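Student: show me the folded form of this:
(one chain, ligands or ions: 1)
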Amino acid sequence: MREEQQFVSGLYARLDALREEAESAVQASLAQVGNGSQARLERDVMVAEQSGLLAAFDAGENGLCFGRLEFRDGRDHHIGRIGIRASDIERTPLVIDWRAEVARPFYLATGHTPMGLRRRRHITSEGRRVTALHDEILDLSDTTRTGHEAADADEVLLAALDSARTGRMHDIVQTIQAEQDRVIRAPHQGVLVVEGGPGTGKTVVALHRAAFLLYAHRELLAKRAVLVVGPNPAFLGYIGEVLPALGETGVLLATLGELFPGVTATGTDSPAAAEVKGRAEMADVLARALRDRQQLPEPGAPMVIEHDDGELVLDWSIAYEARDAARAADLPHNLARPTFAFHVIDALTRQLAERIGHDPYGGPNFLGPDDIAQLGKAVAVSPEVHAAVEELWPTLTPERFVTDFLAEPTHLSDEDAAAVRRAPGGDWTSADVPLLDEAAELLGVDDSAERARAEAKWQREVAYAQGVLDVSYASRTYEFEDKEENDPEGAEVLLAHDIMDAERMAERQEEADHRSAAERAAADRTWAFGHIIVDEAQELSAMAWRLLMRRSPTRSMTLVGDPAQTAESGGVGSWREILAPYVEDRWEYARLGVNYRTPAEIMDVAAEVPRAAGVAGFEPPSSVRSTGVRPWARRVDDLAVAVADAVAEEASGVGRLAVIAPRALHGALAGKLPDVSGPEGEVDLTRRVVLIDPRQAKGLEFDSVLVVEPALYGTSDLYVALTRATQRLGILSSRELPDALASLL
Ligand SMILES: Nc1ncnc2c1ncn2[C@@H]1O[C@H](COP(=O)(O)OP(=O)(O)OP(=O)(O)O)[C@@H](O)[C@H]1O
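Tutor: You can find the predicted model right below:
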């Protein structure tokens, strides 16, 4: 213990020194007043480099070093949250990043396959103080004993699973299990589907995979960012601290409703509306609705346009030909509009020229090409002509178009149209966001001038950044050990050039724009992410998948979900169905089978629900632990009073409690519960007691859970609600209990 404490203290001293170095480097460079370009270059290099380091140093503050590997061949490595090197000339690695290949036996080695290990040690600490060691001997011929040999190999894991919850998800670097490690480090670059029952670690594993990918492909992903899509804002808040705790900040967390910049989805759809809006054929419906917006005057009822040089008659055939030409260009609606306008203007100009230059005696037209050009210019700038073009081929924004469509839904059956119909001015919903995105694709944005300007600016930035890199070449190093092919131990020092190319540097340099790639991605609908992780992927509709696939042209994605927990009526049935249109059958599948959250006593009860409902292919995960505490159920008359009593009883214990109840009951329940977070405003998961509905409970967990009036839930909602507890589960009902739960009474 003393030896490890000494080592860990030395490590923190080094961390402090590195942090101080980075901070004073930033301070010193910011204070530089030199205005020569050389000084500016150096300052910018310094600030850009050091800010990434500082985020990682902060991450290292808690549980910096949590493991040690002693190999049979004498190698001996400490494993940590980040890699750190000594200040000596060789820059000896002191602690190895958990993501480095050399750290892998920490997660995978077993007595059966020791991977060269003699001994594996888990180091537990509080702050900077080492509090416990657990050793496992993997080489049976090794007779040395330290006195820290663990009786149970899973002691550290079980302690982590048993600990009281804080309302925030924590990282699991110290206790990643072998089946999870294989998912986290899966070499597959394309679509990886991870399926597993409740509590199997799908979410936490996906987040660690993001951290791993950011490590393994740092250059690409720092530039293109990683997107994590989760089901609701409370869930994103719940998982939001995991990646920063791993030193990674280049990640955008968003719900689907947040993926159309400029639109905030605050409304909710009826299940029927969400289902219709999510169907794949909506893409076609919108395309047809848009064609309807490309109109013609009625035959025989032309538009008559007042013009200085005489009346212009825009009739059916002029518009028809112009529309044909514009559609033939095969461009999005707004980008095809100039073609339509050009053809209309051209035809009206010819009409005018024929009238003005007409020779009553049948000779050739009096007007020469210059006169006609003159006439054409006047027609082209006429506000009346523009108004007519706008009427026939309107410039549309996605918001305008979708609002109009929802006000008067076309190309849908009467029943479907009635489900989605909404008066203009209503709130946007999450199911509208994929429609808006589809509309944006169909409409296109005429941003050619904007793009040309941006490109010119970009070229200047890249040239500048190249200069910065030339100055910094070989003069600065990253302190981390990092993965390097020619160094299996990951002991190569990384040069500025290796981690930052001119383009990425330029991205960082955009003076007015100090945002990270993730921040810029959030504001850009057409951003192509380096990798996308989708949690609760089973909930997404076909239209939502279209949106996500547009954000991932490389199809580098990790999708996690559990079909048995599908709640949304728009959710797509099978992975094959979801993925076939985009990657055919080129995707990998992994399954997690152990439940780390819910004790066996609770899981046994919860599994009865899908089983009784005959959910096809249902296979419950097996719980890794049992607590000896059986779930209970009570039939009560006054629900609100019974809930308040049960909360008072439960809340005296440690940890956090959730009351999961149908929304309609929230008003009545909240009146009797003191200081509960939920019914109004944001759900604050760090409160002792939280009142939520089954949908909000998705993906979350609590020490203790009270499920209220389960008879009112659908199968998957009830299954989700029953699998949220890490310790205790109680059920309160004023009605007959669903059959699957009746035995609890
Ligand atoms: N290897 C591990 N070590 C420690 N804790 C773990 C491990 N794996 C999972 N857990 C814990 O188990 C709990 C469940 O994990 P997570 O929420 O990722 O599961 P899930 O599969 O997404 O569940 P659900 O589908 O029910 O939302 C979390 O508290 C997580 O930290």
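
Student: who's in contact with stretch 410-419?
Tutor: The contact list for stretch 410-419 (CB atoms under 8 Å, 6 or more residues apart in numbering) reads 270, 272, 273, 275, 276, 284, 285, 288, 289, 292, 409, 420. The way it works is simple: take the backbone N, C-alpha and C, and place the C-beta from them, glycine included.

Student: which of the residues in that stretch are buried?
Tutor: Within stretch 410-419, the residues scored as buried using 16 or more other CB atoms under 10 Å are 411, 412, 416, 419.

Student: host element of the last one?
Tutor: Remark: residue 419 resides in helix 414-420, with elements defined by DSSP states H and E.

Student: same question, residue 77
Tutor: Assigned by DSSP H and E, residue 77 falls within strand 76-80.

Student: strands paired with that strand, and their directions?
Tutor: strand 65-71 (antiparallel), strand 93-97 (parallel) (DSSP bridges).

Student: in the stretch 601-745 of the chain, which residue sits closest to the ligand?
Tutor: residue 699 (4.1 Å; CB to the nearest ligand atom).

Student: find the nearest non-adjacent residue to that residue, please.
Tutor: residue 235 (4.7 Å; CB to CB, 6 or more residues apart in numbering).

Student: list of residues touching the host helix or strand of that neighbour?
Tutor: Under the criterion of DSSP H and E, residue 235 resides in helix 233-239. Helix 233-239 is contacted by residues 167-169, 203, 207, 228, 230, 253-255, 535, 682-683, 685, 692, 696, 698-700 when judged by CB under 8 Å, 6+ apart.

Student: let's see that with 7 Å instead.
Tutor: For helix 233-239, contacts defined as CB atoms under 7 Å, 6 or more residues apart in numbering pick out 168-169, 203, 207, 230, 253, 255, 683, 685, 696, 698-700.

Student: with stretch 614-623 instead?
Tutor: 196-200, 564, 593-595, 598-600, 603, 607, 610-611, 715.

Student: and the buried ones among those residues, selectable in ChimeraX?
Tutor: Buried members of these, defined by 16+ other CB under 10 Å, are picked up in ChimeraX with:
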select :196,197,198,199,200,564,594,595,598,599,603,607,610,715
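
Student: can you narrow the contacts of stretch 614-623 down to the ones near the ligand?
Tutor: When the contacts of stretch 614-623 are checked against the ligand using CB under 6 Å from any ligand atom, the ones in range are 196, 198, 199, 200.

Student: what's the pLDDT at the residue nearest to residue 699?
Tutor: Note on residue 235: pLDDT of 90.

Student: please report the distance of it from residue 534.
Tutor: For residue 235, the distance to residue 534 equals 12 Å [CB to CB, to the nearest Å].

Student: then residue 105?
Tutor: Residue 105 is 31 Å from residue 534, by CB to CB.

Student: who has more neighbours out of those two?
Tutor: residue 534 (25 against 20; other CB atoms under 10 Å).

Student: who's that one bridged to?
Tutor: residue 229, residue 559.

Student: so it sits right up against residue 551, yeah?
Tutor: No. Residue 534 is beyond contact range of residue 551, at 10.6 Å (criterion: CB atoms under 7 Å).

Student: and the residue of the stretch 601-745 of the chain closest to the ligand, what does it touch?
Tutor: 203, 231, 235, 535, 536.

Student: residue 176 belongs to a strand?
Tutor: No. Assigned with DSSP: H, G, I helix; E, B strand; the rest coil, residue 176 falls outside any strand and is coil.

Student: show me what contacts the residue nearest the centre of the chain?
Tutor: Geometric centre of the chain, nearest residue: residue 228, 1.9 Å, by CA atoms, centre = their mean. By CB under 7 Å, 6+ apart, the residues touching residue 228 are 210, 251, 253, 533, 535.

Student: what's the farthest-apart pair in the contacts of residue 699?
Tutor: 203 and 231 (10.3 Å; CB to CB).

Student: identify the contacts common to these two.
Tutor: Common neighbours of residue 203 and residue 231 (CB under 7 Å, 6+ apart) are 535, 699.

Student: for residue 610, what are phi and psi?
Tutor: Backbone torsions of residue 610, given as degrees, to the nearest 10, read phi -60, psi -30.

Student: no no, residue 27
Tutor: According to degrees, to the nearest 10, residue 27 has phi -60, psi -50.

Student: okay, now it: neighbour count?
Tutor: 10.

Student: doesn't residue 660 make contact with residue 709?
Tutor: No. Contact criterion CB under 7 Å: residue 709 and residue 660 do not qualify, at 9.7 Å.

Student: more neighbours, the two?
Tutor: residue 660 (29 against 20).

Student: thought the more buried one was touching residue 704?
Tutor: No. Contact criterion CB under 7 Å: residue 660 and residue 704 do not qualify, at 11.2 Å.

Student: re earlier: next one: the residue of the stretch 601-745 of the chain closest to the ligand from residue 4, what distance?
Tutor: 36 Å.

Student: counting contacts, what elements does the helix or strand hosting residue 667 pack onto?
Tutor: Taking DSSP H and E as the criterion, residue 667 maps to helix 666-672. In terms of contacts (3 or more CB pairs under 7 Å, 6 or more residues apart in numbering; DSSP states H and E), helix 666-672 is packed against helix 639-650, strand 689-692.
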